[in-house]
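Student: Predicted model, plus sequence, below.
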Amino acid sequence: MARILIVDDSDSFAEFARAALAAAHEVDIAHNGREAAKLAQRCDYDLVITDIFMPEADGLETLRTMRHDLPHVPVIAMTGNDGNQPDYLRIAEKLGATRTIRKPFLPTTLNELVTVTLGEAARIRRSKTSH
């Protein structure tokens with residue numbers, strides 16, 4: 001069971017994501033990047049899933065903070081951006097997002113993405129400790 005932090009200012013979306021993952025993982029919610037940074041200092045997360053557009057500290061700022069403070073923790077960036085704006089998911093990848101996903105998505109899609117991302121992170125940790 002992994003410990004996952006979901007960062008999203010939409011209560012309904014955060015609860016949707018928690019419900020999608022709660023059967024297999026322990027899930028916490030932060031409503032903005034500042035709240036996420038505080039939680040990440042107190043808890044040892046295995047994965048962070050962050051929205052890009054949020055008040056106070058947006059997802060790109062959150063991603064930079066996580067890459068600096070928790071470089072070993074994979075981050076999935078998500079947005080509902082419709083493609084008429086800059087490609088914020090590509091920007092998130094350049095800033096260090098492990099994976100990205102465009103909203104809306106199905107709970108099964110989120111679960112599959114989380115499983116793959118956690119599996120990759122575990123393989124990377126094992127390879128670093130075996131050297």
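Tutor: Thanks, I have it. Residues are numbered from 1 along each chain as shown.
Student: correct me, but residue 92 touches residue 61?
Tutor: No - if you go by Cβ atoms under 8 Å, residue 92 and residue 61 don't touch, sitting 11.1 Å apart. All C-beta atoms are positioned from the backbone trio N, CA, C, and that covers glycine.
Student: Which elements pack onto whichever strand or helix holds residue 114?
Tutor: Here residue 114, judged by DSSP states H and E, is contained in helix 107-129. Judged by 3 or more Cβ pairs under 8 Å, 6 or more residues apart in numbering; DSSP states H and E, the packing partners of helix 107-129 are helix 11-21, strand 47-51, strand 75-79, strand 99-102.
Student: which neighbours does the shortest one have in its sheet, and in what orientation?
Tutor: Paired strands of strand 99-102, with direction, are strand 75-79 (parallel) (DSSP bridges).
Student: Not counting its own residues, what contacts the partner strand?
Tutor: Under the criterion Cβ atoms under 8 Å, 6 or more residues apart in numbering, residues 8, 47-53, 59, 63, 66-67, 88-89, 92-93, 96-103, 105, 113-114, 117 lie in contact with strand 75-79.
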